[in-house]
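1. This is a predicted model, with the sequence first.
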Amino acid sequence: MWQGPLAVPGGDRQSPIDIVVRKSVFDSKLKPLETEYDPQTCQQIWNNGYSFLVEYDDTTDKSTLKGGPLQDKFRLCQFHFHWGESNAWGSEHTVDRRLFPAELHLVHWNSDKYSLFEEAVMEDNGLAVIGVFLKVGKRHEGLQKLVDALPAIRHKDSIVEFTRFDPGCLLPANTDDYWTYHGSLTTPPLTESVTWIVMKQHIEVSHDQLAVFRSLLFTSAEEEVQKSMVNNFRVQQPLRGRTVRSSFT
Ligand SMILES: CN(C)c1nnc([C@H](N)S(N)(=O)=O)s1
Ligand SMILES: [Zn+2]
């Protein structure tokens, strides 16, 4: 799995973490999430050599997240996944040390306070990422359009147009129950600017759909040795005294 700098100098709010359920603190002030995603803002899907990203037009407040633990409105800029080479592991966060085969991240930035992602990524309250665990089970009909696009971006730096995709179809039925804590991006620049919102309820995808994720490559078309894009997750980081709050008892 991707390690990168094991620790960020002075980093005391790194992600991902293990969510110890019995140590999470119920907070009745936590509101339900409010997502408003416009499928028309979906632009392209590309392989960045770590994962594959579906990118949205974030020049206006058309696809937004508010509510939950957030005080401001956040704009969706992209979503991506982390997964393992086997169904036994692959997620970045764990729940009482339980690993899931994959994890979806929907990345948003604070458009009430900042005018660009690049600005927001440096600020404490700059980003909000929704994490959703994936389990292997029945086929996810909404995911299939995305799975069908993956062979076209097999290699690092390949990109294709990808439009009219509603990321809301990837959220679990129940988005009221979540854990939230202050952490960081899990790939470089690892900046400690993320309010994490990890869904309690997972979504199901089929074994075959997940197998297509694993057919992607870390390597570009020019490289002699092709490496399967698997285990693109960071290991859990120390909690360093942080409290994980829950929106449910
Ligand atoms: C620059 N952006 C949007 C990101 N940088 N790192 C990201 C990580 N993949 S994660 N897992 O969202 O922290 S997302
Ligand atoms: Zn991620």
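-> Alright, I've got the coordinates. Ligands and ions are numbered 1, 2, ... in the order given.

2. and the residue in the chain that ligand 1 sits nearest to, what is it in contact with?
-> Here the chain gets closest to ligand 1 at one residue, Leu185, 3.4 Å apart by Cβ to the nearest ligand atom. Every residue, glycine included, has its C-beta placed from N, CA and C. Residues counted as contacts of Leu185 (Cβ atoms under 8 Å, 6 or more residues apart in numbering) are Ser15, Val121, Leu127, Thr191, Ser193, Val194.

3. Assign a three-state SS to the residue sitting furthest away from the middle of the chain, would you?
-> Relative to the mean C-alpha coordinate of the chain, counting by Cα atoms, centre = their mean, the farthest residue is Glu224 (30.3 Å). What DSSP: H, G, I helix; E, B strand; the rest coil gives for Glu224 is coil.

4. distance of it from Ser215?
-> 19 Å (Cβ to Cβ, to the nearest Å).

5. and if you look at Thr186?
-> 23 Å.

6. Looking at the two, which one has more neighbours?
-> More crowded of Thr186 and Ser215, by other Cβ atoms under 10 Å: Thr186, with 26 against 13.

7. Give the burial count for the nearest residue to that one once chain neighbours are set aside, as a bare number.
-> The shortest distance from Thr186 to any non-neighbouring residue, by Cβ to Cβ, 6 or more residues apart in numbering, is to Arg234 (4.4 Å). Residues contacting Arg234 under the criterion other Cβ under 10 Å number 20.

8. which element is Arg234 on?
-> Assigned by DSSP states H and E, Arg234 falls within no helix or strand.

9. and it, what pLDDT?
-> Arg234 is assigned a pLDDT of 96 by the prediction.

10. re the thing from before, would you point out the most distant pair within the contacts of Leu185?
-> The most widely separated members of the contacts of Leu185, counting by Cβ to Cβ, are Ser15 and Val121 (13.6 Å).

11. Who has more neighbours out of those two?
-> Ser15 (23 against 18).

12. Can you list the strands that the helix or strand Leu53 falls within pairs with?
-> Assigned by DSSP H and E, Leu53 belongs to strand 52-56. With DSSP bridges as the test, strand 52-56 is paired with strand 42-47 (antiparallel), strand 74-83 (antiparallel).

13. Put the alpha carbons of it into PDB.
-> The C-alpha coordinates for strand 52-56 follow below in PDB (Å, rounded to 0.1, in the frame of the first residue of the first chain):
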ATOM      1  CA  PHE A  52      -9.100   7.200 -10.600                       C
ATOM      2  CA  LEU A  53     -10.900  10.600 -10.100                       C
ATOM      3  CA  VAL A  54     -14.300  11.800 -11.400                       C
ATOM      4  CA  GLU A  55     -14.000  15.500 -11.600                       C
ATOM      5  CA  TYR A  56     -16.800  18.100 -11.400                       C
END
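
14. Are there helices or strands packed against the very next helix or strand once past it, and which ones?
-> For strand 52-56, the succeeding helix or strand toward the C-terminus, using DSSP H and E, is strand 64-67. With contacts taken as 3 or more Cβ pairs under 8 Å, 6 or more residues apart in numbering; DSSP states H and E, strand 64-67 sits against strand 33-36, strand 74-83, strand 102-110.

15. ok, back up a step: is it correct that the residue nearest to Thr186 is in contact with Ser184?
-> No: shown here, Arg234 and Ser184 do not form a contact pair, counting by Cβ atoms under 8 Å, at 9.6 Å.
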